[in-house]
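Chemist: 3D model of this:
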Amino acid sequence: MWVKLVVSGLLLGVLSAFAAWAVHWSFEDHQETTYELPGAVTELSLGRGPQEVDPAARTEATVELREYLAEHSLALVIAPDTDGPPRLVVADPVGVLPWYIPPNPTGKHESGRARLGYVFEGTYSRRQWLRGSTPALVPAEVEIVGTMSAPEGAADPQYVRPLAESPLPPGQYLVNTDDPGELAEIRDIAYRAGLADFSTDRVPLWEHLRDDPLVGTTGTLLGAGCLAAVLFWTLGLRDRAGEFAIRARHGATRARLVRQVWPQGLPFQLLGIVLGVAITGALVSLVGLRPPDRVDWLVMAAAVTGGLLLVAPTWLLATVLGTRVRSEVGRAE
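Modeler: Below you'll find the model as predicted:
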């Protein structure tokens with residue numbers, strides 16, 4: 001029986017590891033979608049509105065928006081629209097974006113910094129800038145003064161510049177809040193800048209995980225594996241029918257049988273889970289052609305923990321069902 005527990009625990013460990021990797025990959029995909037903004041993220045699609053706005057009012061609206069974000073400790077990433085330059089515009093007064101580390105991290109405006117930009121590493125514009133050429137994909141009014149790591153999944157943007165005093169551009173405005181009052185204030189400021197809200201989409205992490213087909217598939221397989229394990233372990237306990245019958249005849253209660261059998265199987269199942277997660281981690285590393293990094297170890301640790309949390313009640317249910325059936329048979333005899 002103990003060999004069966006190790007083997008079945010190994011299979012559940014493999015399923016648990018794949019489920020953990022699926023959640024991790026889905027989380028990374030969510031970070032790419034939101035440019036690594038933390039917390040609840042809302043995306044506002046802002047385009048040119050029909051209202052006539054004075055150029056000075058556009059600048060005032062930008063300053064007002066920057067000050068409002070700083071006052072409420074919010075971060076903003078403006079992604080380009082289809083017709084705009086390949087850049088990101090960022091306001092991060094509290095420093096929550098891990099990839100955005102400008103020389104002026106507090107977000108306070110400094111005279112003459114409105115047109116400064118930073119090319120992303122690994123881009124065509126960075127190679128041009130390092131050669132001393134003016135990047136062809138960067139507008140002439142933007143002065144590139146350094147390089148910066150690009151956020152995860154940002155394939156198209158070539159550079160980033162801070163939200164200073166330039167007029168607010170149309171594009172996708174991602175802000176780390178879903179508060180209706182704060183979103184209404186941002187829309188109102190954008191309206192005064194000559195923009196209009198075409199759509200609003202909230203990007204909560206739990207919905208992203210719920211709708212991810214890979215997470216759903218691995219979760220379903222893990223659930224089915226637990227159900228199969230209950231049946232397999234319950235049938236396996238029938239091999240100890242004689243032992244349970246003798247204990248029942250000598251006054252052993254059903255609860256006592258469970259308390260004796262259940263903890264004895266946990267070490268073997270834990271061993272199987274660790275082996276299954278280790279095998280899966282090795283396969284992931286071989287496919288990726290790289291050794292495990294800190295994140296990989298954290299994912300595997302989460303897989304072991306989650307697998308044990310699933311296996312413990314699953315084995316408890318199998319123990320309750322197995323000992324109950326056998327104790328009743330023993331009494332009937």
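Chemist: What about the nearest residue to residue 86 once chain neighbours are set aside, how many residues nearby?
Modeler: Nearest non-adjacent residue to residue 86, counting by Cβ to Cβ, 6 or more residues apart in numbering: residue 158, 4.5 Å away. For glycine as for every other residue, the C-beta is placed from the backbone atoms N, C-alpha and C. Using other Cβ atoms under 10 Å, residue 158 has 25 other residues around it.
Chemist: Could you do residue 286 as well?
Modeler: Around residue 286 there are 9 residues (other Cβ under 10 Å).
Chemist: How about residue 140?
Modeler: Count around residue 140 with other Cβ under 10 Å applied: 7.
Chemist: tell me which element residue 44 is part of?
Modeler: strand 42-48 (DSSP states H and E).
Chemist: Identify all contacting residues around that strand.
Modeler: Strand 42-48 is contacted by residues 81, 168, 170-175, 177-178, 183, 186-187, 190, 194-203 when judged by Cβ atoms under 8 Å, 6 or more residues apart in numbering.
Chemist: Narrow the residues you listed to those in strands?
Modeler: Under the assignment DSSP state E, those contribute 171-175, 195-202 to strands.
Chemist: TSV please, covering those and showing neighbour count and pLDDT.
Modeler: Shown next, in TSV, are the ones in strands among the contacts of strand 42-48 (neighbours: other Cβ atoms under 10 Å; pLDDT from 0 to 100):
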residue	neighbour count	pLDDT
171	22	89
172	16	91
173	25	94
174	21	93
175	24	95
195	26	91
196	15	89
197	18	83
198	12	81
199	10	80
200	14	79
201	11	80
202	11	79
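Chemist: Just give me the closest of those to residue 225.
Modeler: residue 202 (33.3 Å; Cβ to Cβ).
Chemist: My guess is the closest one contacts residue 33. True?
Modeler: No. Applying Cβ atoms under 8 Å as the test, residue 202 and residue 33 come out as separate, 11.9 Å apart.
Chemist: Just to be sure, residue 15 is in a strand?
Modeler: No. Residue 15 is assigned helix when assessed by DSSP: H, G, I helix; E, B strand; the rest coil, not a strand.
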